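Colleague: The following comprises the amino acid sequence and a computationally predicted model.
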Amino acid sequence: MFLRNGLEPWHLLIVAVVLILLFGSKKLPDTARALGKSLRILKSETKAMREDDKGPAPAAATPQVTPAAAPVQTPAQTAAQTPTDAPAHPAQ
C-alpha cells in the first residue's frame with residue numbers, strides 16, 4: 001500500500017530541497033558533473049571487458065615476430081674456436 005502511487009511530484013520536490021539544504025546550491029553542479037564522469041568511465045570499462053570476453057584478438061592485429069638468423073661461421077672461424085688442448089683427430 002505504501003508505494004501504491006509511486007513517487008509523486010511533491011516527493012521529488014522534497015528530495016530536491018533536502019539536497020540543496022545539505023550540499024548547498026554551489027556544490028550540486030560539481031557533484032552532478034563528477035557523477036556523470038564516473039558513470040561514463042564505468043560504461044567504457046564495462047564495454048572494454050565485454051569486448052575482451054568475446055574472444056582473442058584477430059591474428060592481423062598481433063605483430064609477427066621472426067627469429068633472427070644465426071650468424072654464418074667460416075671454417076677458419078670454427079677452427080679458431082676449437083680448444084688447442086684437444087687433439088685435432090680423435091685417437092682410434
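Modeller: All right, it came through fine. Numbers count the residues shown, from 1 in each chain.

Colleague: going forward, measure contacts and count neighbours with C-alpha atoms only.
Modeller: Noted.

Colleague: Please pull out the lowest mean pLDDT helix or strand from the chain.
Modeller: Lowest mean confidence among the helices and strands of the chain (mean pLDDT, DSSP states H and E): helix 75-81, at a mean of 62.

Colleague: Reduced to three states, what does Phe14 come out as?
Modeller: Residue 14: Ile, not Phe. helix (DSSP: H, G, I helix; E, B strand; the rest coil).

Colleague: so for the longest helix anywhere in the chain, what's the average pLDDT?
Modeller: The residue-count maximum for a helix in the chain (DSSP state H) belongs to helix 27-54. For helix 27-54, mean pLDDT rounds to 91.

Colleague: Repeat that for stretch 8-16.
Modeller: pLDDT averaged over stretch 8-16 gives 88.

Colleague: can you pull the buried residues of stretch 29-44?
Modeller: By neighbour count on 16 or more other C-alpha atoms under 10 Å, the buried set for stretch 29-44 is empty.

Colleague: where does Leu7 land in three-state SS?
Modeller: Assignment for Leu7 (three-state DSSP): coil.

Colleague: how close does it get to Ala32?
Modeller: 21 Å (C-alpha to C-alpha, to the nearest Å).

Colleague: do Leu39 as well
Modeller: Distance from Leu39 to Ala32, by C-alpha to C-alpha: 11 Å.

Colleague: The strand or helix carrying His11 versus helix 27-54: what angle between them?
Modeller: Using DSSP states H and E, His11 sits within helix 9-23. Calculated by axes from the mean of the first three to the mean of the last three C-alpha atoms, to 10 degrees, helix 9-23 forms an angle of 100 degrees with helix 27-54.

Colleague: For helix 9-23, output the C-alpha coordinates as CSV.
Modeller: In CSV, the C-alpha atoms belonging to helix 9-23 read as follows (Å, rounded to 0.1, in the frame of the first residue of the first chain):
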residue,chain,number,x,y,z
PRO,A,9,6.0,15.4,-7.9
TRP,A,10,5.9,16.7,-4.4
HIS,A,11,8.1,13.8,-3.3
LEU,A,12,10.7,14.9,-5.8
LEU,A,13,10.4,18.5,-4.6
ILE,A,14,11.1,17.5,-1.0
VAL,A,15,14.1,15.5,-2.1
ALA,A,16,15.5,18.4,-4.1
VAL,A,17,15.0,20.8,-1.2
VAL,A,18,16.8,18.4,1.2
LEU,A,19,19.7,18.0,-1.2
ILE,A,20,20.1,21.8,-1.6
LEU,A,21,20.0,22.3,2.1
LEU,A,22,22.6,19.5,2.7
PHE,A,23,25.1,20.3,0.0
